[in-house]
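J.: how would this look folded up:
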Amino acid sequence: MGARPRRRRRAAPKLRFRRWLRRRHLSTRGLAVAVFALAVLAVALIAPRLGEERRDTRIARGTPPGKSSSEAPARREPAARIPATRPHLKARTSQSLPLAKTPPAAPRTVRAPAERPTKPRAALVIDDLGRSLSHLEQLADLNIPLSIAVIPGLPASARTVSEASRRGIETLLHQPMEPREEGGKNPGEGVLLTTMTAEELRARVRSNLATVPGAVGVNNHMGSRFTEDAAGLGALMAEIKAHNLFWLDSRTTSGTRGVEVARAAGVPALERDIFIDAEVNVDFIRRQVRKLIEAARVHGTAVGIGHPHPETIAVLRELRGELLASGVTLVPVSALLRDVAGTGTALAAALPGKGGAGGPAADRKTATP
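T.: Modelled structure (predicted):
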């Protein structure tokens, strides 16, 4: 019986590993170096990613980098601060953090287009109507927007008011007021005097307004003395306000306090800029009409006052085409104070005054004190 072949003993695992390394020309030390290099490389690649995720997690929780959560301010809109480029982070944090409520969208504000600058406007007032109805007829034939001021108690005052109303021409009460003594001019019936009491003044204004139905405002006829008297003007303005009218100061004196007292009483007020016929001369009137247009261009608005002299009407007829083509809109005087609303008309606050400016001293001259 033959002998059994001896079983070859297997080498220990460590010995087998060393033999495997020798067959591949490797050594234990070399392998250790390679493993270390791979570990360093892995750390270099993975560490920034871990730090970035940790920072983003702190941002999502409202904790600024470099601070602990105990120092973090109150969370505000955590979900909104998660970078949109990291959907995996957003998905993870959305499970543990409450989502911020999206505020309701603000209503869209529709802005009106910017208002274009309005054209300059000029108002022309013709005083002293009421002596003859023909004056109104001549003015109406000019076919330009204007206002008339009617003196109460004249022979044609009532017919002038009635015809002006029929033709749609704006009417003011041309209230007679006390002038200075020099000249001895008579302002007419219904005059306001500085010696009257407040009750007498108001009663007289009411009586005069009753003769000019439909009047939208009041301006002074003469009145170089009365318009410097604040007490008398106060009574006048109280009655004007009671009738919801406006005040136009003719500026027959440089010391007038008409606009000052009117505004203090809450009465819409404005003043004359140019007297177009302080000298009853065609050349002078022509220059003054053109100054009125220039004053409107400079200030935006201007008020001119004239009288129904034949020379004044002739110049207005001559310059009608020039006026309409000047780029300045001619309007009734109330249009410079009036704010037209959808259902009605209300007088607006008074326009800022120009201090009586509007031309040289000749512009402020007047034929009546």
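
J.: who's in contact with residue 286?
T.: Under the criterion of Cβ atoms under 8 Å, 6 or more residues apart in numbering, the contact list for residue 286 reads 315, 318, 319. C-betas here are computed from N, CA, C, even on glycine.

J.: Mind jotting down where the strands sit in the stretch 151-300 of the chain?
T.: Taking DSSP state E, counting those that start in this stretch as the criterion, the stretch 151-300 of the chain carries its strands at 170-177, 217-222, 246-249, 269-271, 274-275.

J.: I'd like to know which of these lies nearest to residue 46.
T.: In terms of Cβ to Cβ, the element of the strands of the stretch 151-300 of the chain nearest to residue 46 is strand 269-271, at 83.6 Å.

J.: returning to what we had before: tabulate the strands of the stretch 151-300 of the chain (a markdown table), appending distance to residue 194 and mean neighbour count.
T.: Formatted as a markdown table, those follow (distance: least, Cβ to Cβ, whole Å; neighbours: other Cβ atoms under 10 Å):
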| stretch | distance to residue 194 | mean neighbour count |
| --- | --- | --- |
| strand 170-177 | 9 | 26 |
| strand 217-222 | 13 | 27 |
| strand 246-249 | 17 | 27 |
| strand 269-271 | 20 | 25 |
| strand 274-275 | 24 | 26 |
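
J.: mind putting those strands in TSV, distance to residue 43 included?
T.: Supplementary listing: these in TSV, determined by distance: least, Cβ to Cβ, whole Å:
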stretch	distance to residue 43
strand 170-177	94
strand 217-222	93
strand 246-249	89
strand 269-271	87
strand 274-275	93
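
J.: Dump these into CSV; add distance to residue 327 and mean pLDDT as well.
T.: Converted to CSV, the strands of the stretch 151-300 of the chain look like this (distance: least, Cβ to Cβ, whole Å; pLDDT from 0 to 100):
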stretch, distance to residue 327, mean pLDDT
strand 170-177, 23, 98
strand 217-222, 26, 97
strand 246-249, 24, 98
strand 269-271, 22, 97
strand 274-275, 18, 97
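
J.: Compare these and report which one is nearest to residue 308.
T.: Evaluated with Cβ to Cβ, the strands of the stretch 151-300 of the chain place strand 170-177 nearest to residue 308, the distance being 11.7 Å.

J.: Could you check the angle that closest one makes with strand 217-222?
T.: With axes from the mean of the first three to the mean of the last three Cα atoms, to 10 degrees as the criterion, the two stretches strand 170-177 and strand 217-222 enclose an angle of 40 degrees.

J.: helices or strands up against strand 170-177?
T.: Judged by 3 or more Cβ pairs under 8 Å, 6 or more residues apart in numbering; DSSP states H and E, strand 170-177 is in contact with strand 121-129, strand 147-150, helix 157-167, helix 198-210, strand 217-222.

J.: go again using 6 Å as the cut-off
T.: Using 3 or more Cβ pairs under 6 Å, 6 or more residues apart in numbering; DSSP states H and E as the contact definition, the elements that strand 170-177 packs against are strand 147-150, strand 217-222.

J.: which helices and strands does the longest one pack with?
T.: Helices and strands touching strand 217-222, by 3+ Cβ pairs under 6 Å, 6+ apart, are strand 170-177, strand 246-249.
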